[in-house]
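Asks: Next come a sequence and a model predicted from it.
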Amino acid sequence: MNDEIFFRPSFEIPSRDFYYWNDISDNQLNTLIANIGMVELVSYWKLACPKMVYVDVMHLDDYQTKWWRKLYYNGLGEFFYLNGIKTDMDSFMQIVSTSDNDCPAVEVDLEDRTLVPVGGGKDSVVTLELLKDKTQVIPMIINPRAATTECVSVFGVDLEDTAVVKRTLDATMLKMNAEGYLNGHTPFSALLAFFTLLLGFGTKSRYIALSNESSANEPTVPDSEINHQYSKSIAFENDFRDYVKRYISTDIQYFSFLRPLSELQIAQQFALCVPYFNHFKSCNAGSKTDVWCGSCPKCLFTWIILSPFISLKNLTDIFGKNMWKDKSLKPVLLQLAGLTDIKPFECVGTVDEVRACLNYALDDLEDVTDTLLEGLDRFKVPSTEELLCSYNENNNLPYRFDEIIRKKIYELNNKFS
C-alpha cells in the first residue's frame, strides 16, 4: 500500500417529505458522517491490515480509540480466522488521532416514531408486523432490492415513504480484491447502526428498532470469541449504545426489538405472516437475483427453523424444492447441528435450536428414507415447545416495546398449547 491509493466510498439519501435535515446543524451532520466514515474504513483497512491508522476527520479520545479498535478486532474475527491471521487485540492495529476537531453531540427534538431497518428476511418482517399500529413506523433500507421493497410494500408502505440509503463501495477496492489483496467478512450491522443514527435524527425518530435475536450471541467457532454475527450481538449493541450516549445523543434509543427472542420464536411469529411468504428472502447467494439458491447454509437453516410451523407444501413452494430431499446438503446440515468443528459463517441460529427442529422433523415426517434426516439420531436438547417459552432478559428494550414482545409470546404459547 502507498499514499497514492485513495478510496472514495459514497452514499446517497434520496429526498423524502419526512426528513428534517434543516434541524441538524452542519457540525452535527459532520459528527454523524465522520462516524460512518470510521466504520466504512473497515472494508478498506482489511485489504492489507496496516498497523497504523491515522484519523484526521475528528478528534478521538482514548475511550474512542479503544472502542473502535475493539469493533475492528471483533468485527473482523471471522476475517482473521479464515485468512489465517494470528493476532491479538493489543497488537493488530493502532489508531492515532491527528485532529483537534471535536465533533459536537447531536441535539434534535425527537418524536414518538420508530425507524425499522428492513433486510428482506423474516426477522425484520416480524418486527414490522409486531409494531404495526403500536407506533409510527418508518421502514429503512440500504441498497433496495426486490425482497426489501416487496416486504415494505406488503407492510403497506411505498418506497417513497421509506428511508433509503444508496451505498456505493469504491471501485478501487473491488479491483484490489480481484488482484489478490485480502478480502472477507466485515461487520455490516455496525455500519448499519451508524447509518440508522443519521436517518434516525433525519426523521426525528426517537426509537431505532433492529431485528437481531438472542441466537446471534452464539460464537461461530465454539469456545472462542469468533462470531460471524458479532455486530448483531448483545455485546456490540451494548457497546454501541454506550458510545452513542457518551458522544452523540442521550435521547435517541437504539435497541434490538427481537433480542428477547430466539430464531425459533421468530420463525413461529413469521409463520403467521403469510402474505410475505412469496416475497421474503434470506439467501445471500441469491440476493442479486431475488431467489433462494437452495444450496447454502442460510437456505437450509431457514428451511429447518420454519419447518415446525409451516407445512411441507408451503415450504416447498417458498424454496422451490423439498430441501429435506437434497442429500448434497448433508455436510451443511452437520455443521448447523454442531456435529463439526465450526458452524457455517452465516447468520444462523443456535445449535440447540437446529437440533430441536430436527427432532421435531424426525417425529413429524412419516418416512425419512433418502432424506437429509436419514441416519440421524434424536438429540438430547429441550423440545421446541420448551424453547418457545423462553424470554431472554439480556436486552435493551424500552418498557413499551418489552410489553409488546411479552404479550405476543403469551398469546402464541396459549394458542398452540
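Replies: Happy to help now that I have it. Values in this document were obtained by computation on a predicted structure and should not be read as measured data.
Asks: and K245, which of the three is it?
Replies: Put simply, K245 is helix when judged by DSSP: H, G, I helix; E, B strand; the rest coil.
Asks: ok, it to V106 distance?
Replies: Plainly put, K245 is 12 Å away from V106 if you go by C-beta to C-beta, to the nearest Å. For the C-beta atoms, the positions are set from N, CA and C on the backbone; glycine is no exception.
Asks: Settle it for me: which of the two has more neighbours?
Replies: V106 (23 against 14; other C-beta atoms under 10 Å).
Asks: residue ranges of the strands in this protein, please?
Replies: According to DSSP state E, the chain carries its strands in the segments 10-12, 52-55, 94-97, 111-117, 136-142, 163-168, 205-210, 253-256.
Asks: Reformat these as JSON lines; add mean neighbour count and distance to I33.
Replies: Conversion of these to JSON lines gives the following (neighbours: other C-beta atoms under 10 Å; distance: least, C-beta to C-beta, whole Å):
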{"stretch": "strand 10-12", "mean neighbour count": "12", "distance to I33": "9"}
{"stretch": "strand 52-55", "mean neighbour count": "14", "distance to I33": "14"}
{"stretch": "strand 94-97", "mean neighbour count": "15", "distance to I33": "17"}
{"stretch": "strand 111-117", "mean neighbour count": "19", "distance to I33": "17"}
{"stretch": "strand 136-142", "mean neighbour count": "21", "distance to I33": "15"}
{"stretch": "strand 163-168", "mean neighbour count": "18", "distance to I33": "12"}
{"stretch": "strand 205-210", "mean neighbour count": "25", "distance to I33": "17"}
{"stretch": "strand 253-256", "mean neighbour count": "22", "distance to I33": "17"}
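Asks: Just the CA trace of stretch 332-352, in PDB.
Replies: Output in PDB follows, covering the C-alpha atoms of stretch 332-352 (Å, rounded to 0.1, in the frame of the first residue of the first chain):
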ATOM      1  CA  VAL A 332     -24.200 -28.300   5.800                       C
ATOM      2  CA  LEU A 333     -26.800 -30.000   8.000                       C
ATOM      3  CA  LEU A 334     -24.000 -31.500  10.100                       C
ATOM      4  CA  GLN A 335     -22.400 -28.000  10.500                       C
ATOM      5  CA  LEU A 336     -25.700 -26.400  11.500                       C
ATOM      6  CA  ALA A 337     -26.400 -29.200  14.000                       C
ATOM      7  CA  GLY A 338     -23.000 -28.700  15.700                       C
ATOM      8  CA  LEU A 339     -21.600 -32.000  14.600                       C
ATOM      9  CA  THR A 340     -18.500 -30.400  13.000                       C
ATOM     10  CA  ASP A 341     -15.800 -28.200  14.400                       C
ATOM     11  CA  ILE A 342     -17.500 -24.900  13.400                       C
ATOM     12  CA  LYS A 343     -20.900 -23.600  12.400                       C
ATOM     13  CA  PRO A 344     -21.300 -22.100   9.000                       C
ATOM     14  CA  PHE A 345     -20.100 -18.500   8.700                       C
ATOM     15  CA  GLU A 346     -23.700 -17.300   8.200                       C
ATOM     16  CA  CYS A 347     -26.400 -15.600  10.200                       C
ATOM     17  CA  VAL A 348     -28.000 -18.800  11.500                       C
ATOM     18  CA  GLY A 349     -29.500 -19.900  14.800                       C
ATOM     19  CA  THR A 350     -28.000 -21.800  17.700                       C
ATOM     20  CA  VAL A 351     -27.100 -25.500  17.600                       C
ATOM     21  CA  ASP A 352     -29.800 -26.300  20.100                       C
END
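Asks: Give me the contacts around that stretch.
Replies: With C-beta atoms under 8 Å, 6 or more residues apart in numbering as the test, stretch 332-352 has contacts from 78, 82, 185, 213, 215-216, 218, 220-222, 228-229, 232, 262-264, 282, 284, 296-298, 300-301, 304-305, 331, 354-355, 358, 372, 379, 381-382, 387.
Asks: Give me the buried subset of these.
Replies: Neighbour counting with 16 or more other C-beta atoms under 10 Å marks 78, 185, 213, 215-216, 218, 220-221, 228-229, 232, 262-264, 282, 296-298, 300-301, 304-305, 354-355, 358, 372, 379, 381-382, 387 as buried within the contacts of stretch 332-352.
Asks: With mean pLDDT and distance to D326 as added columns, please give the strands of the chain in JSON lines.
Replies: Listed next are the strands of the chain as JSON lines, based on pLDDT from 0 to 100; distance: least, C-beta to C-beta, whole Å:
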{"stretch": "strand 10-12", "mean pLDDT": "98", "distance to D326": "39"}
{"stretch": "strand 52-55", "mean pLDDT": "96", "distance to D326": "45"}
{"stretch": "strand 94-97", "mean pLDDT": "97", "distance to D326": "46"}
{"stretch": "strand 111-117", "mean pLDDT": "98", "distance to D326": "32"}
{"stretch": "strand 136-142", "mean pLDDT": "98", "distance to D326": "31"}
{"stretch": "strand 163-168", "mean pLDDT": "98", "distance to D326": "34"}
{"stretch": "strand 205-210", "mean pLDDT": "99", "distance to D326": "32"}
{"stretch": "strand 253-256", "mean pLDDT": "98", "distance to D326": "32"}
